[in-house]
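K.L.:
I would like to see how this sequence folds:
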Amino acid sequence: MINGHGDDLHQFNCEIKYNFSSNVYYKGCSPLLLKELESKVAQIQNYPSPAAKELNVLAANYFDLDENQFLFSNGATEAFYLIAQCFQHKKAIIVGPTFAEYEDACKINKLEHRFISRKQIFETNYEDSLVFICNPNNPDGKILTTAEIENLLKSYPKAHFIIDEAYYEFTNAVNSVLPLIKKYSNISIVRSLTKTFAMPGLRLGYVISNSNFISNLFALKMPWSVNSLAIASGVFIFNNYKKLTFNINELLAETSIFKAQVNSIPYLNVIEGYTTYFLVELQKGTASELKKYLIENHQILVRDATNFTGLKGECIRLAVQSEKENLALIKALKEWN
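P.N.:
Okay, here's the model as predicted:
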């Protein structure tokens, strides 16, 4: 899906003052990281390492795994396309509604794929399938527990489960399934560094899995897909991870206040989730009409969520911003007639 993702800011010629459509951490990239990147700009005069394997060493040390259990990619999206290529012409199951790139990766690599709802997760036979589960899920912030995912791994040893943890740091309701990597060979975790550290323009993601599966991915990966500045940012992040990470409890407290404000508007219904982004169902009008109104009259951008496969009703997705921005949106939503 080249167009249609949450942050479609590039499509508008008018000024956008407040952007609620992206799930990226709203306070932006750390000044420490920006300063580090300024000092590394000259590196663009040279080729980066072909596979960004210097990041493997740092990630392995940080997560107490082997360096051969990591592959770094041009955002999480490249990882999904590599994984689908590994299973070319086979079967895939996608738990939806969810991130569109799983489906697109399957289409391009000719995987016979189908969607199931979250209600069907424990009623489905996954054997011999590639399975995509976003946890916590995008766009609704729903979660599966580690125990629930482990039950799937045990029950279907011939399936391969891809757990997308791009937003695992945006909730305190569930832990990462990382400990399962050491116990099971039919699981891979895909993560993104761009959301937590607010640097989506650099495109940096990674896969964690068993070394055999990672080796299969490397056989398909093109060289230099991770650029020099993305590598430099990754090095700095893994050397300063906890210093650069936001306080999730504070962020969720802000989200709780924002949700209550949105939910107080008569024609809006907040769909409960566990992250700093959430779905809002419209009881009148359409998501596209509301989005257009907010852009044209208030220079505010929200995510029209109606293009998520399997999502019923007219919904927008919001992500918490600063108090000033949140109040500006609430005022605009109240004015919409």
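
K.L.:
how about the strands in the stretch 51-200 of the chain?
P.N.:
70-73, 91-96, 112-117, 129-134, 160-164, 187-192 (DSSP state E, counting those that start in this stretch).

K.L.:
and those strands as a markdown table, adding mean pLDDT?
P.N.:
Shown next, in a markdown table, are those (pLDDT from 0 to 100):
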| stretch | mean pLDDT |
| --- | --- |
| strand 70-73 | 98 |
| strand 91-96 | 98 |
| strand 112-117 | 97 |
| strand 129-134 | 98 |
| strand 160-164 | 98 |
| strand 187-192 | 98 |
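
K.L.:
any chance of these in JSON lines, with mean neighbour count and distance to Glu281 too?
P.N.:
For every residue, glycine as well, the C-beta is placed using N, CA and C. Output for these, formatted as JSON lines (neighbours: other C-beta atoms under 10 Å; distance: least, C-beta to C-beta, whole Å):
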{"stretch": "strand 70-73", "mean neighbour count": "26", "distance to Glu281": "34"}
{"stretch": "strand 91-96", "mean neighbour count": "22", "distance to Glu281": "17"}
{"stretch": "strand 112-117", "mean neighbour count": "15", "distance to Glu281": "16"}
{"stretch": "strand 129-134", "mean neighbour count": "24", "distance to Glu281": "20"}
{"stretch": "strand 160-164", "mean neighbour count": "24", "distance to Glu281": "24"}
{"stretch": "strand 187-192", "mean neighbour count": "24", "distance to Glu281": "27"}
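
K.L.:
redo those strands as a markdown table? Include distance to Thr276.
P.N.:
Converted to a markdown table, the strands of the stretch 51-200 of the chain look like this (distance: least, C-beta to C-beta, whole Å):
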| stretch | distance to Thr276 |
| --- | --- |
| strand 70-73 | 24 |
| strand 91-96 | 21 |
| strand 112-117 | 24 |
| strand 129-134 | 15 |
| strand 160-164 | 17 |
| strand 187-192 | 15 |
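
K.L.:
out of those, which is closest to Ile143?
P.N.:
Checking these against Ile143 by C-beta to C-beta gives strand 129-134 as the closest, at 9.9 Å.

K.L.:
what about dumping the CA coordinates of that closest one to CSV?
P.N.:
This file holds the C-alpha atoms of strand 129-134, laid out as CSV (Å, rounded to 0.1, in the frame of the first residue of the first chain):
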residue,chain,number,x,y,z
SER,A,129,0.7,-21.5,7.5
LEU,A,130,2.6,-18.3,7.9
VAL,A,131,0.6,-16.3,10.5
PHE,A,132,0.7,-12.5,11.1
ILE,A,133,-0.3,-11.2,14.5
CYS,A,134,0.2,-7.6,15.4
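
K.L.:
direction included, what does it pair up with?
P.N.:
strand 91-96 (parallel), strand 160-164 (parallel) (DSSP bridges).

K.L.:
any idea which of the strands of the stretch 51-200 of the chain gets closest to Gln283?
P.N.:
Judging the strands of the stretch 51-200 of the chain by C-beta to C-beta, what sits closest to Gln283 is strand 112-117, at 22.3 Å.

K.L.:
Phe80 and Leu252: what is the separation?
P.N.:
As judged by C-beta to C-beta, to the nearest Å, Phe80 and Leu252 stand 27 Å apart.

K.L.:
quick one, which of those two is more surrounded?
P.N.:
Comparing Phe80 with Leu252 by other C-beta atoms under 10 Å, the one with more neighbours is Phe80, at 24 against 18.
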